[in-house]
Structures are given as C-alpha cells and as structure tokens.
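>>> sequence first, then the predicted structure, then my questions.
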Amino acid sequence: MSSAMGLLAGGLLKVAAGKVAAAAGDRIMLQWRFHEDLEEMRDTMEAINTVLGDAERRAIQDGSTELSACSDGRLGLVLVDERLGLGLMKSTLRKFKVLNPCLTLGSEFRMASNMKKLKQKLEKISNDRNKYSLSGSSSSTEQQAISHLEASPSEVNADIVGRDQEKQEVIDLLMEASNSSDFIVLPIYGMGGIGKTTLAKLVYNHTQFKTYKKAWVLVSQTFDLDKIRVSTNAQLQNEQSQLTDTLEPDAAREKILIVLDDLWEKDGLKLDALKLFLQAVGNGCKVHVIITTRDAEIARKMKTNEEKKINHLSSDMCWDIIKQVVGFEYRADKESLEVIGKEIAAKCGGVALAARALGHILKYRDFNGWVSVKDSPLWDLPMPGHTHSEYDHVYASLNLSLRSMNAYMRLCFAYCAIFPKGHIMAKDDLIYQWAALGFMEPNDAVSPWEHGESYINQLVGMSFFEHSKSPSPARSYGEDITLFTMHDLVHDLAMRIMGDEVLDASINSNTGTRNCRYAALADCSKPLNSFLPHSDKIRALRLMGNWKIGQCAAGFPIAKYLRLRVLDFGECSIEKLPSSIGKLRQLRYLNAPGIQDRVIPNCITKLSKLIYLNLRGSSAISTLPDLIGEMEDLMYLNLSGCSEITELPESFGKLKKLVHVDFSKCTHVTGVSKSLENLTQLQYLNLSFCTNIGEVPVSLGSLTKLQYLNLSCSSYFNGRPDCDVLSTLTNLEHLDLSCKEGLSLKTLPEALGSFTKLKYLNMIWLDDQCIRRENNCLLNIDIELDDVASSS
C-alpha cells in the first residue's frame, strides 16, 4: 500500500470513529436496543484510532505496513458510507417515533442487520492491528495537521522568485522575432512544476503587451482543437470590445498575444492544424503565441524561430521562495532555522512547486518540526511506479503536505481526482460536493461552507490548487465565481490516493470495479451500466461530453443508483430530467443546467436531502413544482437564465435554509419580493435583470447576513426609489447597483459609509446628482468603483 493511500485510509477511519461515537450518544438510538452495539463499536474505533498514527508512520518508512481493513485501500471509504447510513437510520427513527411508536419488525430487522455488518468490519480491523504489532502514540512532530489557515499573498506570489531574467529573455525573443515575421510561436518547455506557467503569466501580464488583444487557453492532456478555437476566439472578441473603448480602433486591432498552457499533443498533423488556426487568427495582425509544454519534441515542432528551455531554480532561489512563504524575516527563531532551511531548500530539486509546498508546511512549525521535515524518510522513497526520477523530490514534498492535512481535508482533496487533468473547478460547486458526500468536519459552530473555504485556502497555500489562469470559463459560471485548477503532479497524487475508487472514463474505456464510488464518464456511445456494473456502490457521478439526458431511459437507468449523493449533468445536453430521479432519496447535489423541457418533474420535490440545485440556463422551464418548499434542506439554488418562469410557488418561502439564490436574467418571474422575508439566512442574492419583480421591498433590509447583492438592471430601479432599505446590510462585500441609462436610484443609503466590509461597488449609470449627494459617505469606503458615469 502506498504511503498516500495509507494516510487516506487512516484518516477515513478517524472520520468514521467520530461518527460512531456521536451515534452512540444519541438518546433515540438507546431506545431501540442498538445501544450496546454502538457502545462496542465506539470502543473498537477508539482502539483503532490509537494505533493509526503508528500505522501511518510505518507506511512511510517501509512502504508495506497494512491494516487489514485498509489492505486494498478501500474499507475506509466503506466505513464513511456506513456512517452516513447511520445518519439515515437516526433520521428514520426520529420520524417513526413521532408517526408510529412501534417500528415494524421488518424495519427493525434490517437496521439490526446493517448494524451487525458494520460491527463485524470494525472487529476485523481491530483484530488485525495485532498482526502488525501497531502501538498507540501521542502527537508526532513529523505530522502536524494544519487547521483553518489562510493563504497569504506572499504564498500565492512566491513562485516568481528567480524568473525575472527569463521573463525578459522571453519578451526579447518575441520582440526580436516580430521584426521579421507577423506570426511567432515561442514554446517554453521544462519538467512539470518547474514554473513554466508562472513564467508565461509574467510575460502575459507585462506592460509590454498592455495594448494587445489576449487569450489564455489551458490545453492539458486531452487535445481538442475545436475547444481551443472557440475559447481563443471568444476571449479575443471580448478583448476587442474592451480595447476599442480606450484605444484608437487601429491600435486595438494591431497585435495579438495567445498563451496555450500545458500542451501534451505530439501528433504532427494535429500540431500543424493548430498552427494553421493560430496563424489565421491574426487576419493580417501580428500574432505572438507562447506555448508551455514538458516535451522538448513538441517545442521543436511548434516553434517558428526559437524555443525557451526553463532551467531549474538554484537552491538559494528555492530558499528565497520558502522564506517568502513562511514569513521568515518576521520569525523570532529565524537564526536557529537558517541552516536547516537551506538544507530543506536543497531537497526541492530546483522546482518551484516543491518549494512552495514545503514553505506552507514549515510556516506553522517550530524548530523540531523543521528538523522532522528535513529528516523525513519520504525523501529517500522513489516516486511510485518509478525506480528513481527527477520528480522524486517533488513527490516527497507533496506527500509531506498531504500528511499535514487533517483527516477530513485529505478526503476532500483526494475526491478531486474525479475531475480530469486541467479541469477548472468552481469553488461553490466543489464545497457543496464535499458537503453532499459528508466530507466536512461536523461542528455546530462552523458551517460546512466555512470548513470548505478553509480547506480551499489551505490547498491554495500548499499549491495543490491554483487560481485559474484562463478567464473564459468565468463567463459561463458568472463573473463573481472563483475558479481553480490542479497542477498535473498534484492530480497524479490524488489519483494514486484514490486508486480504483475513482473511474475517469475520459482517459480510457475501462469499467468501474466493485470498489468504484466516484465516476466521471465521457463516452455516451454505451449504456451507463457498461461502465458502472456495481450501481449500489456509486456515490458521485459526473457525465461529460455528448450525453443526452432524457432521450433514452434504457441507456440511462438512473434509478438503479440509489446511493448517489452527487449527480452532475453540467456538461451534458439535457432534454428533460428523468422522471425516476425522485427515487434518489440520498441525493444531496444536483447540477442540471440547460434543461430543454418546459417542466421539471414534480418528483424532484421528493429529494428532501438535496442541498444544492443548479438549473442555470434552462430557458424553456416555465414553472417550478408547487411543492418545492418541501425541499427544506436546500442551501444553494441557481435559476439564472430561466427566463420563462413567471411566478414562484407559494411554498418557496419555506426554503429557509437557503444561503445562495441566483435569479439573474429571470426576466418574467414574479413573487420574489414576497418570499424574501422568510429567507433570512441568505448570504448571496442575485436579482440582476429581473425586470418584473416590482419595487424595492422592505423585507430586503431583513437579510442582514447578505455578503453579495446584485440588483443590476432590475425593476427595483423603476421610479427612482430611495434605497435606505439597504442601510442594514452592513455585511455586504459585493454590491452592484448598476442600471440602464435613464434609470437610477434617487439616493444612496446614508449608512453606505459604514459598510466597512465592502470590497466591490458598481454604480455604472447612477445619477450624477446621487453621486454628488452621497460623495462624503463614499470617501469613507475602501472599494473598487467601476466606471461611475452620469446619465445624459
């Protein structure tokens, strides 16, 4: 078993232990004769927990230690699923207690049978721990879990160290080549993690190219010329419209800069087709293209003049990166850490990714913690699947970062293996998937969203996540959405952790094994069953490519996947939702944008555990189910672009757990204002382009938890209303009051100056008298103010 797999399995058992302990203390469970079994399971889990640290350390040292339960790296995940079953059991018992004091014999027998199976699994783990002579231990300096940390700007920008000279060399090569040619392709190549993307970004954002039309496309391992073409043209068109607002038209059309990041394709014919497209993009203009790739052969095939090989960083440069991340100059113990730190930097192999990851670990450790990192046996282990390679030290640094995560965070990270390499992940979607699968640490004082944000901040700090460099997907999600990608080497680590728990059929046509619980499928030419024969195991399912949902029930027997928690149709063509979807009673997350049918099946309201529902862009839908209010656990609802919905059902106001609601471009919807007074947990509300929702309601002022409010071009601006109702919304960070020319607020809220958390304020076309009247309060706000213009 790999050390990474062992860490995950151990962490999963820790998660399961907490859930069993919680169930054992539940008073309702005591009344149904499960008390003794639960108490025994809790004791067993506590015994297992005491030796997990030893098992994890020995997995690192000799690579062979296995708990019997984890010998195939799987049972930890089984136990998590079982503890979710306990939650369902408890919920069912509560309902039966109220509705029927006497459980039926069949129900009681099934619950007792499930309990027995789980108990046997735990006993098997406990018995086998003696086989390996595992001992309990206290905390170890070798593995110090980091909790609730923020990624500082220094961590995000630390990787620019040592690249200034190479940045200038790339700019000089482009400028020199442009003297003799209108079409230049300059490849940047080198090993993974060394900083190719960072160097390309430095050039892309340099003032030398501020008047260029630009496009940045992440290519990754799956080469798709059509997608490259669409993304490039869309970005250039958008850049054209922006540049013509500030420059002379001839200047805006003069030059183009394109970055194709992470190109893997080696086929000569495909690369020739790519070059022809890039050359044609210019249409008479100068076109500069930068390509990043690991492969020197690809660089030679694509170059027009020169290529640039990016060199390893020196040990001193790696040490500079580490110092930036840890805030070394501000540490009281810096003198004692200097020598150790330089030794650690020398282990980075000259790779910026390794230095950033190590810096994040070291930031929160004392002297002994630095020594344990320096002396970790991980440095002596080759990368799995290789005898020795140039990536050994990168893998070791990533593995050390993995060990610094707590059990829940490891599971959240490992789940990201379900996404293909190069996939752009939206923060909101990812957090709700983690929550839907039960991967968040239970805590009454901290919401799942807060846990999720904390995990993401840490993953960014460790360089496991990177903010997306490509701007194009933001428009399909919405401009306010935060997007991330994973570095290829980090994705490889996640895949090694999960093994065959994850099926990524976009890579090949393999089918899922009995262990498969998370699947991403791209081949729509075969029935779903041919990929996933063990439907009872699947917990998360993503369908990509040309799947046509609703066209053929036989090819998509969704009702068989009764344990699904996450169902993502985000990249499919959805004619209609299957009527059988109401049978997925465990479903917590449903992403189904662009539905082409006029109605949503009423059975969707039976999904009482659903916390996330995205129907974005379903412009044909005319009504929502009357009983939508029965989906009382719903926290996230996106109806943006559902322009044919005319009225919200009466029951909508019952969705009191909603924290995120997007009605943008629902141009015909009514009844929104009436429902708002009950949605007091809202943190995000988008009513932009809702032109039929009436006047500003008093109830809007009761939504005091709002952090994001977008009223752009809504009917709330009709009649030049006063907006003092917003004065109570002092938690706002994002406020959009932009409107069409000729419409405006009569006044800004007098309390606007006290909106100390405000980071973004858009007042395009706001009345110039309103701006002058409230100028004093605006001066007290530290905000970004978008192009304030006066109406003519």
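That came through, no problem. Residues are numbered from 1 along each chain as shown.

>>> contacting residues for the closest residue in space to residue 657 that isn't next to it in sequence?
Leaving aside its chain neighbours, residue 657 sits nearest to residue 635 (5.4 Å; criterion: C-beta to C-beta, 6 or more residues apart in numbering). Placement of C-beta: from N, CA and C, glycine included. When contacts are counted by C-beta atoms under 8 Å, 6 or more residues apart in numbering, residue 635 touches 432, 611-612, 657-660.

>>> a markdown table for these, including secondary structure, distance to residue 376 and pLDDT?
Converted to a markdown table, the contacts of residue 635 look like this (DSSP: H, G, I helix; E, B strand; the rest coil; distance: C-beta to C-beta, whole Å; pLDDT from 0 to 100):
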| residue | secondary structure | distance to residue 376 | pLDDT |
| --- | --- | --- | --- |
| 432 | helix | 35 | 96 |
| 611 | coil | 39 | 96 |
| 612 | strand | 39 | 97 |
| 657 | coil | 44 | 95 |
| 658 | coil | 46 | 96 |
| 659 | coil | 41 | 95 |
| 660 | strand | 41 | 96 |
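
>>> is it possible to mark the buried ones in those residues?
432, 611-612, 658-660 (16 or more other C-beta atoms under 10 Å).

>>> what's the closest of these to residue 604?
Of all those, the one sitting nearest residue 604 is residue 612; the distance, using C-beta to C-beta, is 12.9 Å.

>>> OK, contacts around the closest one?
Here residue 612 is in contact with 429, 432-433, 436, 588-591, 634-636 (criterion: C-beta under 8 Å, 6+ apart).

>>> take the residues you listed and keep only those in strands.
Secondary-structure check on these using DSSP state E: residues within strands are 589-591, 636.

>>> just the buried subset of the residues you listed, please.
Buried members of these, scored by 16+ other C-beta under 10 Å, are 589-591, 636.

>>> mind putting those in JSON lines, pLDDT included?
Below are these laid out as JSON lines (pLDDT from 0 to 100):
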{"residue": "589", "pLDDT": "97"}
{"residue": "590", "pLDDT": "96"}
{"residue": "591", "pLDDT": "94"}
{"residue": "636", "pLDDT": "96"}
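
>>> and the contacts of residue 612, which is closest to residue 604?
Nearest to residue 604 among the contacts of residue 612 is residue 590, at 8.0 Å by C-beta to C-beta.

>>> the closest one touches residue 616, doesn't it?
No. Counting by C-beta atoms under 8 Å, residue 590 sits too far from residue 616 to count as a contact (11.9 Å).

>>> give me the element residue 216 is part of.
strand 213-220 (DSSP states H and E).

>>> which stretches of the stretch 501-650 of the chain form helices?
The residue ranges that make up the helices of the stretch 501-650 of the chain, judged by DSSP state H, counting those that start in this stretch, are 528-531.

>>> let me fix that, I meant to ask about the stretch 651-792 of the chain.
In the stretch 651-792 of the chain, helices defined by DSSP H, counting those that start in this stretch lie at 672-676, 768-773, 775-778, listed in chain order.

>>> now do the first one: which elements does it pack against?
Under the contact criterion of 3 or more C-beta pairs under 8 Å, 6 or more residues apart in numbering; DSSP states H and E, helix 672-676 touches no helix or strand at all.

>>> show me where pLDDT drops low in the stretch 451-600 of the chain?
For the stretch 451-600 of the chain, residues meeting the criterion pLDDT under 70 lie at 469-480, 505-513, 523-531, 533-534, 545-557, 559.

>>> now do 50
The model of the stretch 451-600 of the chain has pLDDT under 50 over residues 471-477, 552-555.

>>> residue boundaries of the strands in it?
With strands called from DSSP state E, counting those that start in this stretch, the stretch 451-600 of the chain shows them at 466-467, 483-485, 502-504, 518-521, 540-543, 548-549, 566-568, 573-574, 589-591.

>>> of all those strands, which lies closest to residue 754?
Within the strands of the stretch 451-600 of the chain, the stretch nearest residue 754 is strand 466-467; the backing value is 31.0 Å (C-beta to C-beta).

>>> ok, residues contacting the closest one?
Outside strand 466-467, the residues that touch it by C-beta under 8 Å, 6+ apart are 156, 197, 460, 482-487.

>>> quickly run through the sheet partners of that strand, with directions.
Paired strands of strand 466-467, with direction, are strand 483-485 (antiparallel) (DSSP bridges).

>>> isn't residue 308 up against residue 174?
No. Contact status for residue 308 versus residue 174: not in contact, 10.1 Å apart, counting by C-beta under 8 Å.

>>> which residues are common contacts for those two?
When contacts are counted by C-beta under 8 Å, 6+ apart, residue 308 and residue 174 have residue 186 as shared neighbours.

>>> what's the farthest-apart pair in the buried ones among the contacts of residue 635?
Of all pairs drawn from the buried ones among the contacts of residue 635, the one with the longest distance (C-beta to C-beta) is 432 and 658, at 12.7 Å.

>>> sheet partners, orientation included, of the strand holding residue 216?
Here strand 213-220 is paired, per DSSP bridges, with strand 255-263 (parallel).

>>> show the average pLDDT along the strand it pairs with.
Model confidence over strand 255-263 averages 93 on the pLDDT scale.

>>> same question for stretch 366-377.
The predicted model assigns stretch 366-377 a mean pLDDT of 94.

>>> mind listing the shared neighbours of residue 432 and residue 658?
Overlap between the contact sets of residue 432 and residue 658, as judged by C-beta under 8 Å, 6+ apart, is given by 635-636.
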